[in-house]
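**Q** would you be able to build a 3D model of this:
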Amino acid sequence: MSCDDIDDLLDDAEKLLAEEKDTGLKDIKTGKRQEGLVSTDDLDTLLEEIDIATEAPVVVNKDRNKLNPLETKTKEPGQKCRVTKLGGSSHKMGRNTTASQLVCDKLRCVACDFQVCWFDDAEWDESCDYMFFRNGCTDPIKLKTKINHSPGRRAYACQCKWASAHGIGNLTEFGNVANKWTCGRHES
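**A** This next block holds a predicted model:
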């Protein structure tokens with residue numbers, strides 16, 4: 001195929017497109033106008049109407065990590081501890097109620113918005129400082145470098161605060177975390 005043949009084909013295609021714009025949509029093979037065909041402007045309008053009619057809230061399905069636009073039910077938020085407590089490793093963890101005095105295992109920091117992690121039979125070394133927790137918060141291996149083994153104690157930390165507990169006590173008894181940590185709600 002020569003360059004002239006290609007130029008002729010391009011000219012024919014341009015003519016067909018120009019005729020289509022002037023007289024409506026035509027069948028490329030026969031050159032006749034087709035009834036019932038929809039222009040691209042009409043298709044765009046129809047698609048916009050469908051998008052508006054089917055908008056629904058998108059819910060993340062945590063089990064599959066996929067978006068599910070058809071699922072519109074939201075999960076009921078869990079319940080908070082009656083009184084948020086910290087405690088040593090000998091104390092059971094869960095949601096604190098009037099019937100059960102449990103240590104909260106869903107602590108969350110309102111200052112840094114991180115979940116509080118804990119280590120059983122451990123306490124924080126005195127050399128711990130803000131920058132240590134800021135840089136190592138998400139890495140348990142880094143955090144364990146400044147933990148001292150201490151049976152019966154539990155070491156707690158978020159990204160900006162830390163505490164060690166032996167007996168069970170209200171959060172208010174732990175000065176530096178009293179107004180920063182809260183129960184992040186328990187499922188049930």
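**Q** what about Leu143, how many residues close to it?
**A** 21 (other C-beta atoms under 10 Å). The way it works is simple: take the backbone N, C-alpha and C, and place the C-beta from them, glycine included.
**Q** do Tyr156 as well
**A** By the other C-beta under 10 Å criterion, the neighbourhood of Tyr156 contains 24 residues.
**Q** and it, what pLDDT?
**A** We have a pLDDT of 92 for Tyr156.
**Q** what's whichever helix or strand it is part of in contact with?
**A** Using DSSP states H and E, Tyr156 falls within strand 147-157. By C-beta atoms under 8 Å, 6 or more residues apart in numbering, the surrounding residues in contact with strand 147-157 are 86-91, 103, 107, 116-125, 133, 137, 143, 162-166, 177, 181.
**Q** out of everything not next to it in sequence, what's closest to Ser164?
**A** Nearest residue to Ser164 in three dimensions, chain neighbours excluded: Glu123, at 3.8 Å (C-beta to C-beta, 6 or more residues apart in numbering).
**Q** pretty sure that neighbour sits against Ala163.
**A** No. With contact defined as C-beta atoms under 8 Å, Glu123 does not reach Ala163; the gap is 9.4 Å.
**Q** any idea how far Met174 is from Gly167?
**A** Careful, residue 174 is Phe and not Met. Relative to Gly167, Phe174 is positioned 11 Å away (C-beta to C-beta, to the nearest Å).
**Q** these two - which one has more neighbours?
**A** Between Phe174 and Gly167, counted using other C-beta under 10 Å, Phe174 has the larger neighbour count: 19 against 12.
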